[in-house]
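**Student:** Here is a sequence together with a model predicted from it:
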Amino acid sequence: MDKIIEMLLQLHPDIDTSCDSLVDDGILNSIDVVTLVTEIFNEFDVTVPASEIVPENFNSASAIWEMVSGLMDE
Amino acid sequence: MRSKVVLRAAICVLVFAFLFFCLQRLLMPKYTREAEEGRLTAEYYGSDKNHDVLFVGDCEVYENISPVTLWREYGISSYVRGSPQQLIWHSYYMLEDALRYETPKIVVFNVLSMKYGEPQNEAYNRLALDGMRFSSTKLKAIKASMKSEESLISYLFPILRFHSRWNELNSDDLKYMFRSTPQLSVGGYLMRVDTRPLNTDPPVGHQLMDYSFADICWEYLEKMRSLCEENGIQLVLMKAPTVAPYWYPEWESQIREYAEKHSLKYYNFLDHVETIGIDYTTDTYDEGQHLNVWGAEKLSAFFGKELAAIGAPDRRAEKDFAESWAKLCERYDAVKKYQLEILEQTGTITGFPVPE
Amino acid sequence: MGFVSVWFILFCAVAVLLYYTLPKKWQWPLLLVASCAFYASYDLRYFGFIAVTTVSVYFAACRISLLRARQNSYFQEHPELEKDAKKAYKAKTKKKTWAWLIACLLLNFGILFALKYINFFIGNINAIISIFSESKIPTFDKLLLPLGISYYTFKTAGYIIDVYFGRYEAEKNIFKLALFTSFFPTLLNGPIDRFPLTAPSLFASHSWDEKRTRFALQRIMWGYFKKVVIADRLVVAVIAIVSDPEKYTGVMVAVGALLYAAELYCDFTGGIDITIGVANLFGVEVSENFLRPFFSKNIAEYWRRWHITLGTWFKDYTFYPLCTAKPVMKLTKFCKNKFGAGVAKRVPIYVASIVLWFGTGAWHGASWNFILWGMGNCLVILVSQELTPLYKRFHAKHPNIDGKWHYKTMCIIRTNAIMCCLRLFDCYKDVPTTFKAFGSIFAKPSFGLLTGKTFLGLGLSAADYIIAFAGILLIFAVSMIQRRGSVREMIAKKGFAFRLAVFALLFAVIIVFGAYGLGYDSNSFIYSKF
């Protein structure tokens, strides 16, 4: 979870990490999302399939973490 | 609540429809300053429909045949349903339209338009048809006349055609928005009193590739003939004595053949110029293309005799006719006087000026 | 039957009347019948193509759903399964569903490619061959291009990909899917709708609603205003400029680009306004396609606000899948080891962006102009992405500049200037002409061309320019107000008489000043040929 927040801060240093509408509010754009997916792959060795890339999964740090841990379980 | 919504919807529809109607009245051409012939088709509906002879055709009838002369000389009650470059299908539907109001004894068709097998110009369709009252005949006429780029809907709602006139509106458009324009013709005849002589020999046409009339023209001539037959009308063919456009002998023989085959009377007045007494140095206002009033009166006097001989009755003794024609004669003389005054003052006449 | 025809208006009126008088269960079938009639009014042969697409997508999607349902019930019946066994079963299902998906996409994009791109493809091969020999592959003439094929192919592709992703179940009723594919207001110019967004309102039963109808009619009128009063008027001048690049050089190229921006915006958003308005008449919600795009402060934002449904389509169905595809991930890893994290981070984005913009370019038209146009957009977006650190430093120095109106205006003007330049590809007949025209703006501005005579020589009268300009000002004013909320809601708060007066005036303006009828060809909606 901390790793995720770290990634987000690296992308946007001024980000509000408790925000739960990162995509809906346009704080994360598509390039940010892809950067995150790449980072997640590097960090956790988990490939986020395209079917998981929906706004709900990237709207907050906890949502991203939930998705990543779900993928790691499989 | 519900009734309020319905009421408001009704008001909306009415306001939009009224607005549409007003805009249409405003933007429709009034034909007061140019293309005055555009008023001819509508003027028929204002006439007393008591005609024994009806002329259909292009400028060769409405500038060459004077119904007032026919009345004065022979007591023939007649009307000219002409329009500029009237094609044969226009003529046919003009006749069909007139038959909704009256059944004349004789219908005269001027054969020049046999040369046109297809629509020539969208503007002439408009001049001929926009003035026609709505009926199934009008619908058929529109369908028969439309060029490929035209649409039926723009005849039903002419604003769709004329909306782009917004930048050429003038005071007449407002003046005649809801009022009809002044009467232009006398019995469908358009008068000119000025003269521009033909001082050379009449022009001769170029050689053509093909002299045969188009099938569609023959078809409509047949339709016209059978329509007359059904209604007990005698169909007469004529060719006005104007020298341009050139009337080819090859055309002449085709018409002659047709007339003989169906035992129709056919008068080619080009063959009778001397008998009629037409002098192209005095009787035309544009070097022989159209006759002026002096020429038209001569031609009408000549033709009237023929028409009377083949059954056009003399109505001078009948009160209804005499009253209705007295008004037309008075108008005719007024127009003539008015134009002569203009001619004297300015030396030229443009369009078809009439007194208010 | 284009949008700008009395027949279309009558058609809609009759359809609406029937829609609210027939029993409610007949409402969506009526829309399907109307859509078929609308399609048939163009060319009966088009039917075959849209039918193949509908049927193939229907069956493939149903198969995919079925396979997934089987897997789930199998897991339920066998709760004792080991994780590995489950994984193996899942892989098997995935393989099968993947096969169905790919077969279906290949078929449908194959049709699209065959009809729209084959001649372009052959032309390019011939160009290569001509270097070596004289022989040529013949191109196909008279290829049929069914109405709206680019729109409905993309719409149904999105649907089946979503079903494959397991985002929703396949539609069981083929007629409902057929209606989604062919819903007539969206055939001419999109939007490229998403099934779960449109379907609920498309198949629901609707009662007539006064406010909804009123808003819909207002929107339709606004669309017609943009389309016939402005776009169809300006298109004459635009065509005059771009079809004579020898005569109109330098500053006139820039003028052409500006006029084209206004024309394209009015044409496309006007068309979408009519589409959405007509859909709303039936109570159907379709996606918005524009969000005042000319107010964007950078190109990326512009593409999130212009032709939104196309942008999100490419993002969801090419950009993300490509970025996360296994080969790309492997390449990323390889690059990280070889060149470091900086390069690796960029690999997926660059690869996917290039493909995305190639696709977007090709979607707009089968020519190098459009492909270069797409690449141009790609370049600008990637460059501005690379310049992010620079912007950040600039903003650190001027912390409050973001809120300043002059900075915002500068950004907006910059964005529009770049877009106007890129759009030149869209205007001129081929790539060299485009570059020549663009170059002449700087090389030989010829300001002497900026005379009344030049402008009147473009086929428009002074009055036409005044009307177009006044119309653009009105649209600008409305857009400014729109930032504070729905203009129609604001008008709705005023009295009935005021509303009636406003829309009666708009109606009169459209009827009188519209550039339609003889002498104007209103039915060449720019976006319907794609």
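**Tutor:** Perfect, I can see it now.

**Student:** can you pull the buried residues of the strand or helix carrying residue A:4?
**Tutor:** Assigned by DSSP states H and E, residue A:4 belongs to helix A:2-11. By 16 or more other C-beta atoms under 10 Å in any protein chain shown, the buried positions in helix A:2-11 come out as A:4-5, A:7-8, A:11. In short, each C-beta sits where N, CA and C put it, glycine included.

**Student:** how about the residues you listed in JSON lines, adding pLDDT and distance to chain B?
**Tutor:** As requested, the buried residues of helix A:2-11 are exported to JSON lines (pLDDT from 0 to 100; distance: C-beta to the nearest C-beta, whole Å):
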{"residue": "A:4", "pLDDT": "89", "distance to chain B": "54"}
{"residue": "A:5", "pLDDT": "89", "distance to chain B": "55"}
{"residue": "A:7", "pLDDT": "88", "distance to chain B": "56"}
{"residue": "A:8", "pLDDT": "88", "distance to chain B": "52"}
{"residue": "A:11", "pLDDT": "84", "distance to chain B": "53"}
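
**Student:** of the residues you listed, closest to chain C?
**Tutor:** Nearest to chain C, judged by C-beta to the nearest C-beta, of the buried residues of helix A:2-11 is residue A:11 at 10.1 Å.

**Student:** The closest one against residue A:35, yeah?
**Tutor:** Yes - under the criterion of C-beta atoms under 8 Å, residue A:11 makes contact with residue A:35 at 6.4 Å.

**Student:** Which parts of the stretch 51-200 of chain B are helices?
**Tutor:** B:59-62, B:67-74, B:88-98, B:122-129, B:136-145, B:153-156, B:159-162, B:171-175 (DSSP state H, counting those that start in this stretch).

**Student:** Would you tell me which of those gets closest to residue C:238?
**Tutor:** Nearest to residue C:238, of all the helices of the stretch 51-200 of chain B, is helix B:159-162, at 24.4 Å by C-beta to C-beta.

**Student:** Show me what that closest one is packed up against.
**Tutor:** With contacts defined as 3 or more C-beta pairs under 8 Å, 6 or more residues apart in numbering or on different chains; DSSP states H and E, helix B:159-162 has these neighbours: helix B:2-27, helix B:153-156.

**Student:** Please identify the deepest-packed of those helices.
**Tutor:** helix B:153-156 (a mean of 18; mean count of other C-beta atoms under 10 Å in any protein chain shown).

**Student:** Check what contacts that helix and list those residues.
**Tutor:** Around helix B:153-156, the neighbours that count as contacts under C-beta atoms under 8 Å, 6 or more residues apart in numbering or on different chains are B:129-130, B:134, B:138, B:142, B:146, B:160-161, C:6-7, C:517-518.

**Student:** May I have the predicted confidence score for the residue nearest to the spatial centre of chain A?
**Tutor:** Closest residue to the average C-alpha location of chain A: residue A:64 at 4.3 Å, with C-alpha atoms, centre = their mean. Note for residue A:64: predicted pLDDT of 92.

**Student:** Up against chain C, what does chain A have?
**Tutor:** Contact residues, chain A versus chain C (C-beta under 8 Å from any C-beta of the partner chain): A:26, A:29-31, A:33-35, A:37-39, A:41-42, A:47-51, A:53-54, A:74.

**Student:** that older thread, can you name the next helix or strand after the helix holding residue A:4?
**Tutor:** helix A:30-44.

**Student:** And that next one, what does it pack against?
**Tutor:** Partner elements for helix A:30-44 (3+ C-beta pairs under 8 Å, 6+ apart): helix A:2-11, helix A:61-73, helix C:320-323, helix C:326-339, helix C:341-364.

**Student:** if you set the cut-off to 7 Å instead, what comes out?
**Tutor:** helix A:2-11, helix A:61-73, helix C:326-339, helix C:341-364 (3 or more C-beta pairs under 7 Å, 6 or more residues apart in numbering or on different chains; DSSP states H and E).

**Student:** In space, what's closest to residue B:83 - neighbours in sequence excluded?
**Tutor:** Take residue B:83 and drop its neighbours on the chain: the residue closest to it by C-beta to C-beta, 6 or more residues apart in numbering or on different chains is residue B:128, 4.0 Å away.

**Student:** What about that neighbour, how many residues nearby?
**Tutor:** 28 (other C-beta atoms under 10 Å in any protein chain shown).

**Student:** so who does it touch?
**Tutor:** B:41, B:83, B:86, B:90 (C-beta atoms under 7 Å, 6 or more residues apart in numbering or on different chains).

**Student:** Tabulate the helices of the stretch 51-200 of chain B (CSV), appending mean pLDDT and distance to residue C:372.
**Tutor:** Shown next, in CSV, are the helices of the stretch 51-200 of chain B (pLDDT from 0 to 100; distance: least, C-beta to C-beta, whole Å):
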stretch, mean pLDDT, distance to residue C:372
helix B:59-62, 94, 59
helix B:67-74, 97, 72
helix B:88-98, 97, 54
helix B:122-129, 90, 43
helix B:136-145, 96, 49
helix B:153-156, 92, 42
helix B:159-162, 91, 41
helix B:171-175, 94, 51
